[in-house]
Each structure stands twice: as structure tokens, then as C-alpha cells.
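>>> A predicted structure for the sequence below; I have some questions about it.
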Amino acid sequence: MNDIKHGSFQGTSWSKEGTGSPVILVHGLGMNRQMWQWQMDSLTPHFSVICYDLLGHGESVNPENPCQLSQFSGQLLALMNGLNLESCALVGFSLGGLIVQDFVLNHPEKVNALVMLNTAHGRTKSERKAVLARVQQAGEHGPASTVEAALERWFSADYSAKN
């Protein structure tokens with residue numbers, strides 16, 4: 001049985017489970033670290049898995065102003081430093097994928113492997129601004145406030161009507 005550790009470091013709520021090389025899982029917009037619960041049984045026998053709540057999500061602090069990508073990347077760096085991790089594998093989902101992309105560009109020596117799941121690449125400045133606006137909306141009004149707009153972005157009107 002794995003020992004599960006929980007903590008908070010500089011306003012970032014995190015949990016750690018398993019043994020082996022460190023892997024940090026970064027969730028998407030409007031979610032929290034619990035989104036990874038179904039992967040833990042497969043990962044923790046092989047890796048020390050660290051999940052954390054992004055700023056404005058879950059149990060982490062909610063900043064007064066909307067977060068920029070650099071703030072999320074800085075949060076990840078602070079967490080790694082707080083846990084005394086020299087390097088790790090990073091897995092990012094959606095917004096988490098944008099964060100790990102930014103992180104590896106600025107701190108390549110800290111990343112052993114990079115996995116991006118359902119992540120956009122090459123977004124324009126206005127598209128990135130729209131994502132951060134959704135982050136702010138989720139922080140202010142809860143994740144459910146972003147669902148309808150997400151469904152409209154992800155599925156055509158024809159598909160939605162049929163399903």
C-alpha cells in the first residue's frame with residue numbers, strides 16, 4: 001500500500017503517492033488534482049506521483065487578479081523547489097499542457113519527459129487570453145460556469161442536437 005502525503009506549499013495544495021522517479025500531473029481548466037484519481041493505481045507502483053491544484057482551483061489559493069501562464073509555470077517551479085525535486089516527468093492535460101509547455105521552454109533542465117494530453121499548440125495571443133479568461137471565470141463562479149461554452153466550442157450544433 002502506498003503512503004499518501006498531502007500538503008500545502010506557498011498556497012499550492014498538493015498530494016504525493018507512490019515510489020520511484022517523480023512524475024507531476026497538471027490538471028486542466030476548472031478541474032483539480034482529483035481528476036487524476038483513476039490513473040493513480042497504474043502509476044504509483046512505478047513512480048512517485050505528485051498532483052497539485054492550480055492557482056484558483058481546488059484547495060489552492062485564488063489570486064485576486066487573473067493568472068498568466070507564467071504564474072502557473074512559476075507555481076510549478078515553486079512546488080518542485082519546495083519538494084526538493086531537481087527534475088521530473090511532467091504530464092499536462094488541456095490548460096495543464098500549456099503550462100508544461102511553458103515550463104519546459106523556460107526550465108528544460110528540470111524536465112526528464114513531457115506528456116501533453118488534449119492540449120492546444122501554437123495558440124495566438126488572443127486565443128491564450130480567452131483561455132485565461134475562462135480560468136478567471138471558473139475561479140470566480142466555479143467550474144460549472146464554463147461547461148455550456150465548452151460544449152459549444154467542442155461540439156457542432158448538429159452533433160449536440162443529435163446527442
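Alright, I've got the coordinates. Here the structure is a predicted model, which is why all the values come from computation and not from measurement.

>>> got the buried residues for the helix or strand harbouring residue 72?
Using DSSP states H and E, the element containing residue 72 is helix 69-82. Neighbour counts using 16 or more other C-beta atoms under 10 Å place 69, 71, 72, 73, 74, 75, 76, 79, 80 of helix 69-82 among the buried residues. For glycine as for every other residue, the C-beta is placed from the backbone atoms N, C-alpha and C.

>>> Which other helices and strands does it contact?
Helix 69-82 sits against strand 4-9, strand 12-17, strand 21-26, strand 47-52, helix 95-106, with contacts defined as 3 or more C-beta pairs under 8 Å, 6 or more residues apart in numbering; DSSP states H and E.

>>> Please repeat the previous calculation with a cut-off of 7 Å.
Judged by 3 or more C-beta pairs under 7 Å, 6 or more residues apart in numbering; DSSP states H and E, the packing partners of helix 69-82 are strand 12-17, helix 95-106.

>>> Output the lowest mean pLDDT helix or strand found in this structure.
Using mean pLDDT, DSSP states H and E, the weakest-scoring helix or strand in the chain turns out to be helix 125-141, at a mean of 81.

>>> hang on, the earlier thing: report the angle between the helix holding residue 72 and strand 47-52.
130 degrees (axes from the mean of the first three to the mean of the last three C-alpha atoms, to 10 degrees).

>>> Can I get helix 69-82 in PDB? Just the C-alpha atoms.
C-alpha atoms of helix 69-82 as PDB (Å, rounded to 0.1, in the frame of the first residue of the first chain):
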ATOM      1  CA  LEU A  69       0.700  31.400 -18.000                       C
ATOM      2  CA  SER A  70       3.900  32.500 -16.400                       C
ATOM      3  CA  GLN A  71       2.300  32.500 -13.000                       C
ATOM      4  CA  PHE A  72       1.100  28.900 -13.400                       C
ATOM      5  CA  SER A  73       4.600  27.900 -14.600                       C
ATOM      6  CA  GLY A  74       6.100  29.700 -11.600                       C
ATOM      7  CA  GLN A  75       3.700  27.900  -9.300                       C
ATOM      8  CA  LEU A  76       5.100  24.600 -10.700                       C
ATOM      9  CA  LEU A  77       8.700  25.700 -10.200                       C
ATOM     10  CA  ALA A  78       8.000  26.700  -6.600                       C
ATOM     11  CA  LEU A  79       6.300  23.400  -5.900                       C
ATOM     12  CA  MET A  80       9.300  21.500  -7.400                       C
ATOM     13  CA  ASN A  81      11.700  23.600  -5.300                       C
ATOM     14  CA  GLY A  82       9.500  23.100  -2.200                       C
END
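
>>> Perfect, I'm done here.
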